[in-house]
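Participant: Predicted model, plus sequence, below.
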2 protein chains.
Amino acid sequence: MQAVIIAIGDELIGGASVDTNSAYLSARLAERGIVAVRHVTVGDDADRITQAITGATEAELVIITGGLGPTLDDLTRRALADAMGVELIEDAHSANRIKAFFDRIGRAMKPSNLTQAMIPAGTEAMDNDCGTAPGIAARLGRADVFALPGPPNEMTEMFEQQVAPRLGVAGALARTILHVFGTGESDIGERIADLMARDANPKVGTTAKGGIISIRIVATGQTSAEADAAADKTANEIRNRLGELIFGQDDQTLASVVGDALKDCGMTLATAESCTGGMIGRMMTETPGASGYFLGGIVAYANSAKTAMLNVPAEVIESHGAVSEQVADAMARGAREKFGADFALSVTGIAGPDGGTPEKPVGLVYIALSGPSSTKVHRHIFSGARDIIRRHAALTAINHLRLALI
Amino acid sequence: MQAVIIAIGDELIGGASVDTNSAYLSARLAERGIVAVRHVTVGDDADRITQAITGATEAELVIITGGLGPTLDDLTRRALADAMGVELIEDAHSANRIKAFFDRIGRAMKPSNLTQAMIPAGTEAMDNDCGTAPGIAARLGRADVFALPGPPNEMTEMFEQQVAPRLGVAGALARTILHVFGTGESDIGERIADLMARDANPKVGTTAKGGIISIRIVATGQTSAEADAAADKTANEIRNRLGELIFGQDDQTLASVVGDALKDCGMTLATAESCTGGMIGRMMTETPGASGYFLGGIVAYANSAKTAMLNVPAEVIESHGAVSEQVADAMARGAREKFGADFALSVTGIAGPDGGTPEKPVGLVYIALSGPSSTKVHRHIFSGARDIIRRHAALTAINHLRLALI
C-alpha cells in the first residue's frame, strides 16, 4: 500500500516553519507496512491544494495536514470539495461540538469558527479532541483521503485516535538501526552493497550525520516474529562484516556506549582537552547518570594551563610544541593523576582555520588514552572546517576508549 | 519568478529525518523575490526522482537537495540525466578535486567515490568546499535546475556560494540579522509587531533556535545604498526598542561577542562547569583565536573533583549541597585563582531528568561570575529536556559575563 502526504500552509512553503508532520506520518505509516512515496507541500492557495490532492490519488492513501483553521486563508475544505466535485455542507455534529467548545472556555464564538464545521458532501467529520477543527475522512477515486489539522499536537492525536484504526495493516514491521564510526559512508556502502538492493527485504539504507554512519534495516513479515527474525538476520550479517566499526544501535551514542562499558567494569574517566575545548566532557555528560563514571576534565587551552593544571612540563611544550605526541601523553597522564581516574583521554591539535604549518597542518590532532597499564598516543589528520575537525577529534577520542574497553 | 524545491532521501520519505533544507531554501529565495510554490520529497528511487524533476519544470527554478552521495542509493545524478535525456559523463575537474580530498585526509579513495564526479552531459559541476559531492547546474526546458548535496552544512554553503550568485535579483538586497538572548520569541514579536507587516520593506521576521531569537531584516532597493539604508534604519529602530537584549548581529555568537569584549580590554576568562559538562568551554573555543582570552576550564562533575581541582571545601558541599549558591561561588573563585584569570564563570545545577527535589527541582542552576572586584551568583530555573537546560545554562552564563563587560 502506498501513500502520499500533503502539508499545507504559507508558513511552510515560505520557509518560516519546518514541516515535521510529514516525517511523523511517514514513520507511523511505515510501522504499519504502508510506504509513503511522496511528500508535497503547498501554500494556502485553493487551486494548488486541489491540484496536489488530485495528483496524489495515484496512491491508495492520501493524508493532508493543515489548512483547516477558521481564517480566510484556511482552504483545505474548499480544495478537497473541488477535487471531489461536490459542495461544502455543514456537519451538524461538528457545529455543536464547536459551539460547546467555546461555551466551555467561556469565550464568544466568532461566526467564522462555524466554517470549520463545513465538510465536502459525502465525507465524514472526525472529532478533534485538542482543538476546534474537525478532520475529514473522504474517498476520492480509489484513494482514502484524510484531512487533519496542522498543529502537530492536534494532528498526532487525531492520527492515532481516528486515522490509524481505519488503516488496515498489511503484515508486521521490524526496524533496527546500527551506528558506525571510523570510516566513510562510501566504504560502508561497498561492504554491504549486496544487502542494499532496492527491493530486498529487509530494506537496508545508510545515512551520515556528524561523522556517524547509521545503517537502517527495515523488515516486513506476516507476523512480528517473522519481521523481527528477518531484521535480526540482516543485522547480524552486517555486524559480522563490519565488526568493531559498529559501536551501537538504535538510541545509543558513542558516549552512552562508552559510559555503559565504564559502568559495567566500575571504572572512571577524566579528560584533558585543548583544541576540543570541552566537547568530550559535554558529550560524555549528555547521558543522564554520567556522574557514575565521568569524574570531570580540564580544558587546558592556554599553555600555562597545561603546565599549571596538568603538570605538563614547560620544557616539553617548548621543545616539542603544544601540539605534539609528548604533550598529549603528558596531558592524559596529568588528568588521570589529578582526578584519580582509571582512564584519561587527552586531545591537543590544530583546529584551524589558522595556525597550521607544513609540518603541523590544520587538522593535525594528537589523542592520548592513559589507562591503568599504559598510555598510548594516536596521531590523526582530520579535514573540514574548524567545527568538523573538533567534533571528529572528540568522537575519535571517545572511540579510542571504546576500542580499549572491548 | 516561481520555484519548486525537491528533497531526496529514503530517510526523509521514510520519516527517519525531518527535511529542513526545503524551508531554508524557501526563505532564502523569498528574500530574493522568488516564490516557492511547491516542496516535493521522494525517496532514493530513480524513477520517482525523474518524475519529480520533470513535474517541477513548470517553474522557472528547480532546486534539488540530496542523493548526491557515493553509494548505490544516491540516484540524483542518474535521475537528472534521465529527465534531460542525456548520458552521465565524468567531470575531470570534480574527479581531481575528489582525489585531492582523499590525498589530503590520507584515506584511500574507493572507486565509488569517483561516481560523484559523474554529471549529466551538458551540465556544469559546482564545487563543494565542505564535502566530496559536487553540485550540478543544469537547464531543463525553461527551468534552471540546481542539484545540491543533502547534508545541511554542505547545502547551505553551496547555495550561498554557487547558486545565489546565479539567481538574478530584481534590484539590490540588503540583509541584517540581529541576535537576541534573554526573552521569548512571542515577547519580541509583540515589541516589534508593527515592523513585521507582511508586505513591508524591509521585511522583518523572527526565528528561534536553541534559546537565541534571530530577527532577520531584508530590505530591497533600486541600489545597494538604498537597500542598505532601509535595512539600517529598521535595524536601528529595533536596537532602540530592545536595548541590551540584542547581543550581536549576522555571524556573531554570544561567545564571539564576549570574546571580542575580553580581547578589547585585555582580560582573560576561565570556567568551572558541573552540569554543563564542558559546554561553556566548547562555546568559548568555537571562535578561532580564542586562546587570546580563554585560558581554560575545569569540568568538575564529581564532588571530589570540585574539592580537589577547585578548592571547594568539602564541608560547603556537605552543608549546602553541590547545587547551591555557596558552591557556585566557591567554584568560580577557585577557577579564577587556579588559572590566574581576570574572570571566571561557574555553573552548578540539576539538568535532569532525575535528581530533582521540591526544594531543588530539575532545571535549578546557579551561575557565578567572579571578576577582579567581586563574585556574584545568579539563581535560575530553566525548563525543558536535559539538553535544553544545559544549553540555556551555558548561554546564560556567557550572557552574564557579556552584561558585566558592557
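Facilitator: Arrived safely.

Participant: For the stretch 151-300 of chain A, which segments are assigned as strands?
Facilitator: A:172-180, A:203-209, A:212-221, A:246-249, A:269-273, A:294-300 (DSSP state E, counting those that start in this stretch).

Participant: Put together a markdown table for those strands, with mean pLDDT on each row.
Facilitator: Shown next, in a markdown table, are the strands of the stretch 151-300 of chain A (pLDDT from 0 to 100):
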| stretch | mean pLDDT |
| --- | --- |
| strand A:172-180 | 89 |
| strand A:203-209 | 84 |
| strand A:212-221 | 90 |
| strand A:246-249 | 97 |
| strand A:269-273 | 98 |
| strand A:294-300 | 96 |
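
Participant: Distance to B:M309 and mean neighbour count for the ones you listed - can I get that in CSV?
Facilitator: Bear in mind the C-beta positions are built from the backbone N, C-alpha and C, glycine included. CSV is the format used below for these (distance: least, C-beta to C-beta, whole Å; neighbours: other C-beta atoms under 10 Å in any protein chain shown):
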stretch, distance to B:M309, mean neighbour count
strand A:172-180, 33, 21
strand A:203-209, 34, 20
strand A:212-221, 31, 21
strand A:246-249, 30, 20
strand A:269-273, 10, 32
strand A:294-300, 7, 32
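
Participant: hey, what's A:V62 bridged with?
Facilitator: Bridge pairing for A:V62 (DSSP bridges) gives the partners A:V4, A:V145.

Participant: okay, it: pLDDT?
Facilitator: A:V62 carries a pLDDT value of 98.

Participant: List the residues that contact it.
Facilitator: Residues in contact with A:V62 (C-beta atoms under 8 Å, 6 or more residues apart in numbering or on different chains) are A:3-6, A:53, A:56, A:140, A:143-146.

Participant: so which of those comes closest to chain B?
Facilitator: For the contacts of A:V62, the residue nearest chain B by C-beta to the nearest C-beta is A:I5; the value is 8.6 Å.

Participant: List the contacts of the closest one.
Facilitator: For A:I5, the contact set (C-beta under 8 Å, 6+ apart) comprises A:21-22, A:25-26, A:36, A:38-40, A:62-65.

Participant: re earlier: only whichever of the contacts of A:V62 are buried, select them in ChimeraX.
Facilitator: Selecting the buried subset of those in ChimeraX, with 16 or more other C-beta atoms under 10 Å in any protein chain shown as the burial test, is done by:
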select /A:3,4,5,6,53,56,140,143,144,145,146
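
Participant: which two in the contacts of A:V62 are spaced the farthest apart?
Facilitator: The largest separation in the contacts of A:V62, counting by C-beta to C-beta, is between A:I5 and A:L140 at 15.0 Å.

Participant: Nearest to chain B: which residue in the stretch 101-250 of chain A?
Facilitator: Closest contact between the stretch 101-250 of chain A and chain B, by C-beta to the nearest C-beta, is at A:G189 (3.2 Å).

Participant: Read off the pLDDT value for that residue.
Facilitator: With respect to pLDDT, A:G189 has a value of 90.

Participant: Spatially, what comes nearest to it if we skip its sequence neighbours?
Facilitator: With sequence-adjacent residues excluded and distances taken as C-beta to C-beta, 6 or more residues apart in numbering or on different chains, A:G189 is closest to B:T71, at 3.2 Å.

Participant: what does stretch A:73-87 contact?
Facilitator: Stretch A:73-87 is contacted by residues A:8, A:10, A:44-47, A:49-50, A:53-54, A:64, A:66-68, A:88, A:115, A:118-123, A:136, A:138, A:140, A:145, A:147 when judged by C-beta under 8 Å, 6+ apart.

Participant: so of those residues, which ones are in helices?
Facilitator: Mapping these onto helices (DSSP state H) picks out A:10, A:46-47, A:49-50, A:53-54.
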